[in-house]
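K.L.:
only geometry, no sequence info:
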């Protein structure tokens, strides 16, 4: 941490800062420039709040040097984390596709989608039992009934199951059925929920908040990791910008950036980002070319009848074609799918 | 709802849409333009999803005409809602100030702040017992112990208490102590929490998500209102933009806009928006001039020692001076404080 | 400037940086922390590019300490700049209102507006002769003919004239007629234009780019100031965010922030920010309460017939009422209007 | 265009709108819903301003149905536009790479880069003679001297030349030397410049404003196209968001979206978007997989000594490797490079 003093700050002001640094168990290092004096604070700044110094007389600003996350950082864990899921693994050389409908609507819809997805060579089925919806008047998911259908479809197809958990008290229930617990974009900073999935010890797919920086995403991962649950996967799903043509702006730079900053696998959800199924194939191929470890794609046998997010779902035939094209792109960069 | 057909869509495609509209219990109204045919859907579109039509052949786009919220809308409830809180009321002609520290840290800090705040003529004390923090390594609040201190300080000073609730299972506990339940910006779309505070029946201060539109804020209010809890107050606290000098960008346009769209009281929190105490007075006066029904301001006797958000807290003397100036501005627009 | 070395950077890498710093005529100051070595560069960093060091082996990142602007900075010019305009002055205790139609449309419209504006006690008339329009099919302004009408209306009413200049070759022409040259939001970083108005030596109102930070605004002011033209006024007019209810999001925090950072006067344009006339009064009062030195407001005698931006223009009677209310708010904070 | 009336608007208010629609030469089509009456305006709405109706009594809002651009639209020009450049063509099946330094700094730097770029099989060299710089204290380009060096290097290598033009009066000069005129992101809405390059009749690469929607980009293209210059290429180069890790957020969704909306070629500039050379390869491959017709990439023989934008420039060897990998990705989606 570096403390920049105001132009014209006095010697006693500088001394007061230095004394406070020592009092907190850190070392201070002074550097007197032409226009500003700066004080370097030496020690692990993750345990220091900026507020300790911001308000002391003569201080202009505080600059952090270290990233605030530790367990999620590649500095402290240089090798890629690989998360084993039901016979496949996420984070290795193979690109993984997780596909399925936004929500479980009924047995027919679920089993038809699962069969189609399994046939395309996909290993993980996604489908929501509990749905966070902007409107209280919209379909909110079938709850436990949906979880039971997912268990049945898993038995029949061998697909692993990923499904969303929305609140701490749902975690034990959902964890009984799911192979991957999904934390949705609106819950990325729901800290009681992060603690709960950390304790559950199951693989977690943590979606980036639509309003969250990559650093905040890593801090939320840190919450889960701090419970000794290291089976965390990150998912870029679009951020909110001024552009309204797409539902969100898919930030594919997040893929190479997160690969530098962290050892955790990075997946991409082009369906929620675009909000329009016609854009999903191009963005899926782009995500793979950018280096994503996997994709999360919405597939529905009859998108026009879907109870939620139909406009962004692919029909099974379009999805099968996309998987074939995605395989070629993966191979062109030396990966498999 | 209006369905815009693509240039060159066929007569059978148009007919299929019209048939689907009728099937869903709505009426269709055709308008054939030079370049596009458009179909008006007549009925209460709140119960229609766009997905019903988006994917049908020949459809270019869907335009919603009505706002998706109803109970929160001024259309359906033209008079201002006034929420009574412990002897004062929020939403009337008087501008209300809610003040206090970010978090309860210990008895000394809390009682010193409460005394100072009460002396400035303020009626409601804010202080966090459960704190949502970006980092798992930061102070997370004193929990129930803090709630008990708040009860004691209420007894001693007569101040009403506002404190944050972070998850559904905390609601019964917090509701026993608080006069106002606060929903923080990161939880604006935590729907299980919204249901829980709706059921609790207590006054709720709902903070706008830092990346949420005003429409989404009203939809979240709708969740609470749909439980017959009409004691909902909205709070603008800054939105996330590309500007990094301030922590968030305070969106004061939200005040006159929300006054048009809804009957609910609107408060403004300049402290979290700015993130810097030096900016709080100017923004507080601006919020009142813009028509806000109240302010939420952080006050701490020793901001430089605060365990959280010290840089944005005002010292009691600065706060007292601000209240005096705020009163003059309130009077200049015909309100009291 | 501070150079942060990567964890594990080598001694020769650090030495190479230090050598390069010396070679460029600066001094280096080493600080070896637990996880990172940092190198302080001592000297006037405005003349250093980050690229000098970013790519050298072992470097993690560069942190600038000083603001990149100098002439615009309050550090170097502590007193407020006051710009004299035709008998009044902008930047002193008096709040100034600049009002008029978006564009000069014809003599009747212009003279009717000017008369109404003058009667409300306003000193400066704004009206566009050259209009930057998103669509090539929209009205583009009357050009020199409009400038001649502005000269005539100035003669008749005594109002000073502010009008926009869109390209370097228009500057001499517009400068013959205008008391204030306006640089529009889309031209804030049109550097050849900034050079041209700097050389013209006339007062300039520089609007903040709708996607520009406050620092970038000050850097654009620096371009004009560097031509020894110190009659620069800044104008906040809304920035682009995800919120679509308003045309832009008026960033009133910019007022107290810019008051801290710079000595230049700060005005606010609520009309373009809101895009809806109903929101203009509340935002105007808020801008004054926030400390703005002036307002820029669109007024049109028949907004429904305006050739551009009608929806945000106030009718003369509404404007007169606003001026009266604005005066009360100005007085409540100890200023005049 | 659709005019939505307020709840409770009166019959005479509706009639006044209908009369006004007829007066303007359009037809009106009424649709009376349960809560709102809506009026469809039939005719080419590109020649209608919303302001015509927004302010009439009883109007709630105006919804545009047609896109405001025409010449740029795929509706009116279904076939892809292919722009011939000095023997190659942009917009066909072959992916084109435009590469070179940010600025021409001296003959050695330019000729060394050009040789390296030519050897990688690239056809177009980019390099700036006039540089838009945020700071007046930064290197502003060598101007005409640079243009002469570009002419010489073109003669020696056969590479086509792309260089930026910053103001209308530079157009004739730059057009004598350049094969492609580049409009930078800060000038996307510099309308006098758009008119000037439209008239020049040369191929134009129009970069998306960092704050501009795709619709605004197409409207700026429309300005150029309206001068009968149909050799317009669009370039996505990152938009401004709250994320600060990258310089801008590259919006790759723009590629498939623009392919739907317009017939013009779409290129991608990952260098300016990322601002960090380490991210450029991943984003380049992603852009090709997303369907881009070409890439614009910064290459510099000694990025650490570059006078501008060094941190985002690739060294020639890294660039050559990227071209080889890009070819594989292009082939995996059925294109050449």
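P.N.:
Received, thanks. Bear in mind the structure is a predicted one, so any value in this text is a computation, not a measurement. Numbers count the residues shown, from 1 in each chain, chains lettered A, B, ... in the order given.

K.L.:
Get me the contact residues on the stretch 201-337 of chain A for chain B.
P.N.:
A:209-211, A:216, A:219, A:222-223, A:226, A:240, A:277, A:303-304, A:306-311 (CB under 8 Å from any CB of the partner chain). In this view, the C-beta of every residue, glycine as well, is placed from N, C-alpha and C.

K.L.:
which of the residues you listed are close to chain D?
P.N.:
Restricting those to those near chain D by CB under 8 Å from any CB leaves residue A:211.

K.L.:
Can you tell me which of the residues of the stretch 201-337 of chain A next to chain B end up in helices?
P.N.:
Among those, the ones falling in helices (DSSP state H) are A:216, A:219, A:222-223.

K.L.:
out of these, which is most surrounded?
P.N.:
residue A:223 (29 neighbours; other CB atoms under 10 Å in any protein chain shown).

K.L.:
That residue: what's it in contact with?
P.N.:
For residue A:223, the contact set (CB atoms under 8 Å, 6 or more residues apart in numbering or on different chains) comprises A:191, A:194-195, A:198, B:136.

K.L.:
which one of the ones in helices among the residues of the stretch 201-337 of chain A next to chain B is nearest residue A:32?
P.N.:
residue A:219 (34.2 Å; CB to CB).

K.L.:
Now do the contacts for that closest one.
P.N.:
Residue A:219 sits next to A:68-69, A:72, B:134-136 when contact means CB under 8 Å, 6+ apart.

K.L.:
Tell me the helices and strands packed up against the one helix or strand in chain A whose mean pLDDT sits lowest.
P.N.:
Ranked by mean pLDDT, DSSP states H and E, the weakest helix or strand in chain A is helix A:51-54, scoring a mean of 79. With contacts taken as 3 or more CB pairs under 8 Å, 6 or more residues apart in numbering or on different chains; DSSP states H and E, helix A:51-54 sits against helix A:11-23, strand A:59-63.

K.L.:
Relative to the last one, what are the paired strands and their orientations?
P.N.:
Strand A:59-63 has the following strand partners under DSSP bridges: strand A:2-5 (antiparallel).

K.L.:
Leaving out sequence neighbours, find the closest residue to the residue in the stretch 51-200 of chain A positioned nearest to chain D.
P.N.:
The minimum distance from the stretch 51-200 of chain A to chain D, using CB to the nearest CB, falls at residue A:67 (10.7 Å). Counting by CB to CB, 6 or more residues apart in numbering or on different chains, residue A:67 lies nearest to residue A:73, which is 6.0 Å off, once chain neighbours are set aside.

K.L.:
where does the stretch 51-200 of chain A have low pLDDT?
P.N.:
Counting by pLDDT under 70, the stretch 51-200 of chain A contains no low-confidence range.

K.L.:
can you give me the helices for it?
P.N.:
Assigned by DSSP state H, counting those that start in this stretch, the helices in the stretch 51-200 of chain A fall at A:51-54, A:107-119, A:144-157, A:171-177, A:191-200.

K.L.:
Can you add mean neighbour count and give those back as a markdown table?
P.N.:
A markdown table is the format used below for the helices of the stretch 51-200 of chain A (neighbours: other CB atoms under 10 Å in any protein chain shown):
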| stretch | mean neighbour count |
| --- | --- |
| helix A:51-54 | 22 |
| helix A:107-119 | 19 |
| helix A:144-157 | 17 |
| helix A:171-177 | 17 |
| helix A:191-200 | 22 |
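
K.L.:
Residue D:230: which of those helices is closest?
P.N.:
Per CB to CB, nearest to residue D:230 of those: helix A:107-119, 44.0 Å.

K.L.:
With neighbour count added, can I get the contacts of residue A:219 in a markdown table?
P.N.:
Written out in a markdown table, the entries for these read as follows (neighbours: other CB under 10 Å):
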| residue | neighbour count |
| --- | --- |
| A:68 | 19 |
| A:69 | 27 |
| A:72 | 30 |
| B:134 | 18 |
| B:135 | 19 |
| B:136 | 22 |
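
K.L.:
Report the two of those residues separated the most.
P.N.:
A:72 and B:134 (12.9 Å).

K.L.:
Beta-bridge partners for residue A:314, please?
P.N.:
residue A:299.

K.L.:
Count the neighbours of the residue of the stretch 51-200 of chain A closest to chain D for me.
P.N.:
By other CB under 10 Å, 17 other residues sit near residue A:67.

K.L.:
Which residues of chain A lie near chain C?
P.N.:
Checking chain A against chain C by CB under 8 Å from any CB, the hits are A:2, A:4, A:7, A:29, A:31-36, A:38, A:40, A:42-44, A:63, A:65-66, A:75, A:240-242, A:244.

K.L.:
can you tell me which of the helices and strands packed on helix A:51-54 the model trusts least?
P.N.:
Ranked by mean pLDDT, the helices and strands packed on helix A:51-54 end with strand A:59-63 in last place, scoring a mean of 87.

K.L.:
tell me the angle that strand makes with helix A:11-23.
P.N.:
Orientation check (axes from the mean of the first three to the mean of the last three CA atoms, to 10 degrees): strand A:59-63 against helix A:11-23 gives 40 degrees.

K.L.:
need the contact list for the closest residue to chain B within the stretch 201-337 of chain A.
P.N.:
At 2.8 Å from chain B, residue A:211 is the closest residue in the stretch 201-337 of chain A, using CB to the nearest CB. Going by CB under 8 Å, 6+ apart, residue A:211 touches A:239-240, B:209-211, B:240, D:242.

K.L.:
ok, now how distant is it from residue A:270?
P.N.:
19 Å (CB to CB, to the nearest Å).

K.L.:
Residue A:20 too?
P.N.:
49 Å.

K.L.:
Comparing the two, which shows the higher neighbour count?
P.N.:
Legend: neighbour count by other CB under 10 Å for residue A:20 and residue A:270, higher for residue A:270 (30 against 17).

K.L.:
Show me how far stretch A:181-195 is from its chain's centre.
P.N.:
10 Å (CA atoms, centre = their mean, to the nearest Å).

K.L.:
Is chain D within reach of that stretch?
P.N.:
No - contact between stretch A:181-195 and chain D is absent, the nearest approach being 14.1 Å (criterion: CB under 8 Å from any CB).

K.L.:
Now the terminal residues of that stretch, how far apart.
P.N.:
Stretch A:181-195 has its terminal residues 13 Å apart, counting by CA to CA, to the nearest Å.
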